[in-house]
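1. whatever this is, show me its structure:
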Amino acid sequence: MAEPDLSSPSDPSLRSPRSTSHPLSFPFLREGSRIWEKAGELPSPLPTKRTRTYSATVRANSGPVFKGVCKNFSRSQGHGHIRPANGGEDIFVHISDIEGEYVPVEGDEVTYKVCPIPPKNQKFQAVEVIITHLNPGTKHETWSGQIISS
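-> Just a heads-up that it's a prediction; the model follows:
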């Protein structure tokens, strides 16, 4: 008795509903199943508060609290930098790691913890950033868009 050829059924009614081919588009976003619309746009390698692993979050939460001054922050770009009070290289800060009601501006005093940036873990980013002292004489914006003079 001859064995049937199971590699490619010629009758479409014999195909499994799961075996239908679906065209795939790459790259996928890390955060979800959406697909990047623009060609050349890649997902950010920086872990946000939402995409950070549980172990990295635990390590950051158990670390020491540092003080610094906001060097710059762009709400539209979603990131900025903090100048550490003890000197050294500027620390990256992502918009998702800002705690409190105000958008940081240059000169604001902040406290923060640090978390290494993968994949090499050679640089750090600030997490749990809290504005402790607003820079006097500057206008501050709340996350809801209200502008307050300090």
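2. what about residue 149, neighbour count?
-> The number of residues packed near residue 149 is 9, by other Cβ atoms under 10 Å. Quick note: C-beta positions are derived from backbone N, CA and C, even for glycine.
3. measure it to residue 66 for me?
-> To residue 66, residue 149 is 28 Å away according to Cβ to Cβ, to the nearest Å.
4. please apply the same query to residue 107.
-> In terms of Cβ to Cβ, residue 107 sits 17 Å off from residue 66.
5. those two: who's more crowded?
-> More neighbours surround residue 66 than the other of residue 107 and residue 66, with 18 against 15 (other Cβ under 10 Å).
6. what residues are up against the more buried one?
-> Residue 66 makes contacts with 84-86, 111-114, as judged by Cβ atoms under 8 Å, 6 or more residues apart in numbering.
7. nearest to residue 62, of the residues you listed?
-> residue 113 (8.8 Å; Cβ to Cβ).
8. could you say which helix or strand holds residue 145?
-> For residue 145, there is no host helix or strand (DSSP states H and E).
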